[in-house]
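> Generate a structure from the sequence data that follows.
(chains A, B, C and D)
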Protein chains: 2
Amino acid sequence: MDVKDLCLGALTYGDATGYDLKKFFESTFSHCFLAGYGSIYPALAELTGEKLVVARTVPGQAGPSKKLYQLTDAGRDAFLARLEATEPQHKVKSEFLVLMHFAHLLPVARLDAVLDQHLKELEHKLALISAYESGDEMGKRPSSGARFVCGFGKAVMGAAQDYILAHRDALKKGGTRNGNRSTRITRARPKASVIASRNRGYPHA
Amino acid sequence: MDVKDLCLGALTYGDATGYDLKKFFESTFSHCFLAGYGSIYPALAELTGEKLVVARTVPGQAGPSKKLYQLTDAGRDAFLARLEATEPQHKVKSEFLVLMHFAHLLPVARLDAVLDQHLKELEHKLALISAYESGDEMGKRPSSGARFVCGFGKAVMGAAQDYILAHRDALKKGGTRNGNRSTRITRARPKASVIASRNRGYPHA
DNA sequence: GCCCTATATATCAACCCGATATAGGATGCG
DNA sequence: CGCATCCTATATCGGGTTGATATATAGGGC
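The predicted model follows:
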């Protein structure tokens, strides 16, 4: 599943420009999929070449000229085929959790700031979902699938909020780098590897 | 935060080979960060060039010869600096949720299979976390940060399990593509764009 | 003996991400 | 009225990641 497939899927809801698609992804998929212009425009160009979408240039009435993309019948078939073929992966890449893992190397103030920022972002994304669910912009109510995804995001991010609130104190007490600017924690290096426990026995240099 | 930083962080626990690092990432960060050989080995090569790590070649006793990487003092300082500088992002890329969003275009059997597979993967990752938490391989108990990350993963993935179990029936009732092999859902295309609602009014071609 | 798995390093094409450039229209504000 | 700023809209580029693949040896199971 790449951005091309996602564009095909979005176009099943109607014609759109690349700019529209980005906004759509941000509103509906903000908590589970990302796609920037650097992926969308090349994807649309390729899809056009494969005859899965067609573009009509509309002279710019409000702003510059735009290209409205429309799904072809072949494109619709291709999307349905991809839905059946793609494996349902679910990947998380969280700098936030990496920072938390190394909390013992962070100054307390930084740790607090990071936690607060993440809580703020969770609230922001939850607000985005609520805004989409009460979809004013489109008269139509979201599909059952869209509602499922929204509820999923709310459940998961709500659990994240609860967990952080319940455990941030324990994390701070677990020992952090105190506020001074000394970057060296301890001069002594651990004598044996913790990661590669089976490397023990090899003389270190 | 790239894989280079992650390698520095892992090496704060002790010396390791590229292979060890991959296994470490899989055990500790499996639910929040991914790194394959294609990222790790180039990262270690660059870090060596920057004098942030040093490598010792150990002739292969069990298997081929290995390179044990060790963090230098400069590397440790660089890692601490990166911890303070990196923004705590948290990104999710979920083909699974995209499939769920388009549930109305999926055959019921496929929908069931996808849900079951995701539940199975959640259980698998939860088992990985439990295995790491009761860390037998290393006598040492995980740090408070590591425990926080584990608990976070368990909370979030547990919420995902509960949500799926509670709402999969509603999703199926919401209307799916019935089992036959006709790929065309409806011949009639929606006349107005749902995504780009403000494109209404422009005549279509 | 043979196959499969685990250890261990390395590379490559394809793809994605984030930043940046460009530009006209709308909006706001003193 | 002039100026700044934001919104719409398209497009590209470098750097980094992904996933697959190649290579080689040791050990366990059958």
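
> mind listing the strands for chain A?
For chain A, the strands defined by DSSP state E occupy A:53-58, A:66-71, A:90-94.

> Tell me the spacing between A:A16 and A:F25.
Summarising the geometry, the distance separating A:A16 from A:F25, computed by C-beta to C-beta, to the nearest Å, is 11 Å. Backbone N, C-alpha and C define where each C-beta goes, glycine included.

> Count the neighbours of A:S65 for me.
Burial of A:S65, expressed as a neighbour count using other C-beta atoms under 10 Å in any protein chain shown, amounts to 9.

> Same question for A:P142.
Each residue near A:P142 was counted by other C-beta under 10 Å, and the total is 17.

> Test my guess that it contacts A:F148.
No: between A:P142 and A:F148 no contact is recorded; they are 9.5 Å apart, counting by C-beta atoms under 8 Å.

> Any chance of the strands of chain A in TSV with distance to B:T12 and mean pLDDT as columns?
Supplementary listing: those in TSV, determined by distance: least, C-beta to C-beta, whole Å; pLDDT from 0 to 100:
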stretch	distance to B:T12	mean pLDDT
strand A:53-58	49	91
strand A:66-71	49	94
strand A:90-94	19	95
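
> and of these, who's closest to chain B?
Closest approach to chain B among the strands of chain A (C-beta to the nearest C-beta): strand A:90-94, 4.2 Å.

> Tell me which residues are up against the closest one.
Contact partners of strand A:90-94, identified using C-beta atoms under 8 Å, 6 or more residues apart in numbering or on different chains, comprise B:31-34, B:89-97, B:118, B:121.

> Now for the closest residue to A:S27 other than its chain neighbours: which residues touch it?
Using C-beta to C-beta, 6 or more residues apart in numbering or on different chains and skipping the chain neighbours, the partner closest in space to A:S27 is A:Y132 (5.1 Å). Counting by C-beta under 8 Å, 6+ apart, A:Y132 makes contact with A:S27, A:T28, A:P142, A:A146, A:C150.

> Of those, which is the nearest to DNA strand D?
Using C-beta to the nearest atom of the strand, A:S27 comes nearest to DNA strand D of the contacts of A:Y132, at 11.8 Å.

> Wait, A:L11 touches A:Y69, no?
Yes: taking contact to mean C-beta under 8 Å, the distance of 6.2 Å between A:L11 and A:Y69 places them in contact.

> Tell me which stretches of chain A form helices.
Assignment of helices within chain A using DSSP state H yields the ranges A:3-11, A:18-28, A:37-49, A:73-85, A:95-101, A:108-133, A:144-173.
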